[in-house]
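**Q** sequence plus predicted model, see below.
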Amino acid sequence: MPAGLGRLRSAEEFERVKREGGYWRGRLCALNAARRAITQDDWQTNPPKVGYITPRRLGKAVHRNRARRLLRESVRLLAGRLPPHWDIVLIAQRELVKPGVRMRDVQDELIWLLTKAHILMPAQTQDHNQI
RNA sequence: CGAGUUCGCCGGGCGGUCGCGGGCGCAACAGCGCCUGAGGAAAGUCCGGACUCCACAGGGCGCGGUGCUGGCUAACGGCCAGGCGGCGCGAGCCGACGGAAAGUGCAACAGAAAGAUACCGCCCGAUUUUGGGUUUUCCGAUCGACGAUUCUGGAUUGGGCUGCGCGCUCAAUCACAAAUCCAGAAUCCCAAGCCCGAAAUCGGGUAAGGGUGAAAUGGUGCGGUAAGAGCGCACCAGCGUCGCAGUGAUGCGGCGGCUCGGCAAACCCCACCGGGAGCAAUGCCAAAACGCGCAGAUGAGGCGGCCCGCUGAUGCGCAGGUAGGCAGCUAGAGCCUGGCAGCAAUGCUCAGGUCGAGAAAGAUGAUCGCCUCGGGCCGGCUCGCCGGCCUACGACAGAAUCCGGCUUACAGGCGAACUCGAACA
RNA sequence: GCGGGUGUGGCUCAGUGGUAGAGCGUCUCCUUGCCAAGGAGAAGGUCGCGGGUUCAAAUCCCGUCGCCCGCU
């Protein structure tokens, strides 16, 4: 896990985000994000944490794995633009698994969702956008 | 060349860049380097095992599974070989393929009857009724038997009284007709015998035929019979038994008595197998909180190397064991090549080589370049070849303790053997 | 990992090997000035799918697909 990016794992964390956070739904995936209590503005101690939900309705194991990988890769490319103290949950939608969905589509959708949620920080370096 | 069958195999390749899981090394604070990282089905979870825990003297009842034979295997509902039956021209494919004279049950509709029966029919006998045919010719004797009709001849004649007759009495011109009687002839009838039937009823024989059904007590032919029937014979099917071949399923042959229905993926019977749960098993370590014990304002504990000093209410131990962590956890009925045994499945304390994932909100991804196979489009055109362009968005699908099978899904492609058909030789 | 249930007309469900049914809904007609209610009638079915057993399968057996629900 690179610096400045954490994972959500426990059920309590997911429950908290769902209970306290906002919800934005897109075509390929949905966004569920909540802010943690601020203690210190530091990526080292309080990086943004991301969790992924791939429900069973997406399909069988192949499709659910593919959905999670697409979302994870997409988040990796945007890692530097995510603010600290945020818990972000990404929920894959059925459209994400359909054939023909490319990496570019997922990333565009994610940027759009994060912008709507007002939690995307401006691009700091050029390469994050280019890849 | 076309159509097909069986078996085996592949499931794009090479290389950049950015990432992810695991291992090792260096560092030990972020990190760096090297190695390594999905499948033939990893799937469904339909069977069988290994492994772990629990239960367990033995027996009975019950429940579940399997079901031709022999072999293989750790085991199996798997595999191999064989038998039998079915399908296919064939290569081949398919088959829960033990038992229906142990018992219980089921079979709609139709049909007489669906396990023990006889509707129609066929045949025999008896009784009653009835139809038809034929004989009763000649001679002699006897005797006609009741008639009917027609013809011919002859005779008689009415009414009343009376039981009938004689008789009495009354009436009457004759004849014909009519009636009655007698004789003869013809025809018919009748009778008797024989033959051929018909109908009804009763008694018996039969299961060949008809018809119903998915299915009706072997099939075909010849004989046989009152009609028929394995009643007899031949062949086939089936049963039993004997002999031979085979480990066996079974096959072949002989003999015998003569035919005993179907369904057990209906209950069931027989034989064999099966204790239960599952790696979220199980074992170890073990926060917080709880419980018990001990110490504690006569000072627990902390600060500190110690004393002093300051602070001032908890501290320590034990047990269970939650969160969590570690083990189980990946070197095994392992894989590859060869040898030997075996038809084969498979086996071998045979030889050599080899190590190929171990995650836990669960790692395999993203992107770029080149090549190649298939595909698509366009053009040429000798009509099945050539050239150009575009394309890895080009299958099913993702390990979760491991292994052996089964089943299911699968773009496209490769190889081998065999079968059928066509052409050529 | 271990197990259970279910699939039948548009909807909710019955169905015991022998012709697939009920209620609601739909359509037509009657009734009413009109509507509702009521009455009469009609249409509508690969019984999830593929095999097998049987004379005959929605039903029995095997495989497969979808949906739902438990336990650890």
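**A** The structure has been received and is ready for your questions.
**Q** checking my notes, residue A:16 in a helix, right?
**A** Yes: assessed with DSSP: H, G, I helix; E, B strand; the rest coil, residue A:16 lies in a helix.
**Q** got phi/psi on the closest residue to it other than its chain neighbours?
**A** The spatial neighbour of residue A:16 that comes closest, neighbours along the chain excluded (CB to CB, 6 or more residues apart in numbering), is residue A:34 at 6.5 Å. For every residue, glycine as well, the C-beta is placed using N, CA and C. Torsion angles at residue A:34 (phi, psi; degrees, to the nearest 10) stand at phi -140, psi 150.
**Q** quick one: residue A:34 from RNA strand B, how far?
**A** In this structure, residue A:34 lies at 15 Å from RNA strand B, with CB to the nearest atom of the strand, to the nearest Å as the measure.
**Q** residue A:88 now?
**A** For residue A:88, the distance to RNA strand B (CB to the nearest atom of the strand) stands at 12 Å.
**Q** check which helix or strand covers that residue.
**A** Residue A:88 belongs to strand A:86-92 when assigned by DSSP states H and E.
**Q** residue A:32 touches residue A:15, doesn't it?
**A** No: if you go by CB atoms under 8 Å, residue A:32 and residue A:15 don't touch, sitting 11.1 Å apart.
**Q** run a quick neighbour tally on residue A:67.
**A** 27 (other CB atoms under 10 Å).
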